[in-house]
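# sequence first, predicted coordinates after that:
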Amino acid sequence: MHLLGALRAPGHPGFVEATVVSGSRVFASGAIFAALALALGGGHLSIAAIAAIPFLSRLAHLLVPALLRRCESWRVALAAAWLERLGLLAAALAGIVRPDGWAIPGFLAGLAVALLGQAVYDVALASLHSESTAAKGFGRYTATKTRWAAVSGLVLGVVASFAVDATERLGVPPHIARSLAIVAGAAIHLAIARPLAGMQVFARRQAARADRAAARASVVSVTPVDERAFRSMPWGVVRFAVAWGFALGISTRQGEAMAISVLDLSVGSLTLLNALLVGGGVLGAKMWGVLADRFGGKGLMSIALGVIALDPLWMLAAMLVHPLLLIPSYAIYGVFNSGWNIATTMTLIRTAGPPAERIRSLIVYSVAFGVAAGTAPLLGGLLLELVDARFPTTVAYGSLFVLAAILRLSAYPLLRLMPAPPARRGRYVSTVVLRAMRRDARRRGVASWASAARDVARIADRRSA
């Protein structure tokens, strides 16, 4: 199959991999982890630890370039996948057995092992995805992959939400029902071995094509401008990643804990909302990919950041006004988070060069982001503990959400200063998109009025006849 053709149809094994991983992580999700911690008797600091571990595990990204120099990308990813599965099973076992005094520590230890494997897997896959696709269509490929992952997450998220709630209604203890959801996620994850091997075949074909093209041109396929931009990236990336990581991490998982403890949402309802978040990637993912290929990633990052920064205020409104406001919160976040992921990938991942070099800037970003975002939840949990001891719980959560929104918006100037490959500014991109939407709406409006006029004329002719 021609590779560019595979980008337009679900024949590329990367789409299957994204579908399986997304479905697996809906069952073994942060919402389920937070709900299980609450069922085991954990408090604000336990939720903060669950939020911090995924970010701190990004320190393992520093090991990935050395691994990729010694092993093929798909082998590194497969080994990391097994580490993730074994950690999930250990966390679920601690949740089911509940050893005296060790339930929370055992659960968190298993979760740490799982998320360590997940961190290595994600970076190895980022390299493998770029190796197995053509550079010209990388944005559209990433968008299509995102859409397939979103559909899988939405469908299996709905199944998970009903399954967890139904299991608890049958009388199964909450800690067992939620642990079994994690086991189901680990079981689904077993299906990725075949698409990983298929992606490596595509990567070898793509490398052979690149070698033939380089031999014909007798030059390396990276321009001096791209190389200079790449070398200048890391410190600007670090500054933004630290600010954005701290701002994003300080309230991570606390919105879900608030929904369970303050709004009395069931775990199934929360899982359904998370499925809506994942499913939001279906809407607009194709547009994000086309825009990324045409305008570059940095401008799209600024657009997505502006919307994501306001998400804590949706949580605040849901707590103070009505829980139904969680629905637009999760849906909007899902749409723009998919755009953020696509734009970040386009900005940070190289589409040429050795595997270890392709992901250099991504690793710099991920590690700096992970350190900041892994520290912030602990401070957020401490803030909740201190305020909650003196004021109502709603005041504690409200203070945290307002602080999170302020910190997220304050990261925008650092994003503008971050060096990146040539890209259009967000204001220009939004102006072009809105203009195109107005023209399309105007054309459709004229077409509908013309159709209505023709129908009226046809009826008049019939009556006169």
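Structure received.
# surely residue 28 is in contact with residue 182?
Yes. Counting by C-beta atoms under 8 Å, residue 28 does reach residue 182; the two are 4.7 Å apart. C-beta coordinates here come from the backbone N, C-alpha and C atoms, glycine included.
# anything in contact with each of the two?
Residues touching both residue 28 and residue 182 (C-beta atoms under 8 Å, 6 or more residues apart in numbering) are residue 88.
# OK, contacts around residue 408?
244, 247-248, 305, 308-310, 312.
# and for residue 62, nearest residue in space, chain neighbours not counted?
residue 367 (6.0 Å; C-beta to C-beta, 6 or more residues apart in numbering).
# shouldn't the one you found be in contact with residue 57?
No. Residue 367 lies out of contact with residue 57 (C-beta under 8 Å); the separation is 10.5 Å.
# so the two - more neighbours on which side?
Set residue 367 next to residue 57 and count neighbours by other C-beta atoms under 10 Å: residue 57 wins out with 23 against 20.
# list the residues that contact that one.
Contacts of residue 57 by C-beta under 8 Å, 6+ apart are 112, 115-116, 118-119, 370, 374.
# what do you get if the cut-off is 10 Å, keeping everything else the same?
Residues in contact with residue 57 (C-beta atoms under 10 Å, 6 or more residues apart in numbering) are 111-120, 122, 366, 370, 374.
# Throw those into JSON lines and include secondary structure and neighbour count, thanks.
Output for these, formatted as JSON lines (DSSP: H, G, I helix; E, B strand; the rest coil; neighbours: other C-beta atoms under 10 Å):
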{"residue": "111", "secondary structure": "helix", "neighbour count": "28"}
{"residue": "112", "secondary structure": "helix", "neighbour count": "19"}
{"residue": "113", "secondary structure": "helix", "neighbour count": "19"}
{"residue": "114", "secondary structure": "helix", "neighbour count": "28"}
{"residue": "115", "secondary structure": "helix", "neighbour count": "25"}
{"residue": "116", "secondary structure": "helix", "neighbour count": "21"}
{"residue": "117", "secondary structure": "helix", "neighbour count": "23"}
{"residue": "118", "secondary structure": "helix", "neighbour count": "24"}
{"residue": "119", "secondary structure": "helix", "neighbour count": "27"}
{"residue": "120", "secondary structure": "helix", "neighbour count": "24"}
{"residue": "122", "secondary structure": "helix", "neighbour count": "19"}
{"residue": "366", "secondary structure": "helix", "neighbour count": "29"}
{"residue": "370", "secondary structure": "helix", "neighbour count": "23"}
{"residue": "374", "secondary structure": "helix", "neighbour count": "23"}
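# list just the nearest of those residues to residue 63.
residue 120 (7.0 Å; C-beta to C-beta).
# count the residues that sit near the nearest residue to residue 94 once chain neighbours are set aside.
The shortest distance from residue 94 to any non-neighbouring residue, by C-beta to C-beta, 6+ apart, is to residue 106 (3.3 Å). Neighbourhood size, residue 106 [other C-beta under 10 Å]: 19.
# where along the stretch 351-465 of the chain do the strands fall?
Applying DSSP state E, counting those that start in this stretch to the stretch 351-465 of the chain gives no strands.
# ok, then the element right after whichever helix or strand residue 24 is part of?
Here residue 24, judged by DSSP states H and E, is contained in helix 13-27. Using DSSP H and E, the helix or strand that follows helix 13-27 in sequence is helix 30-39.
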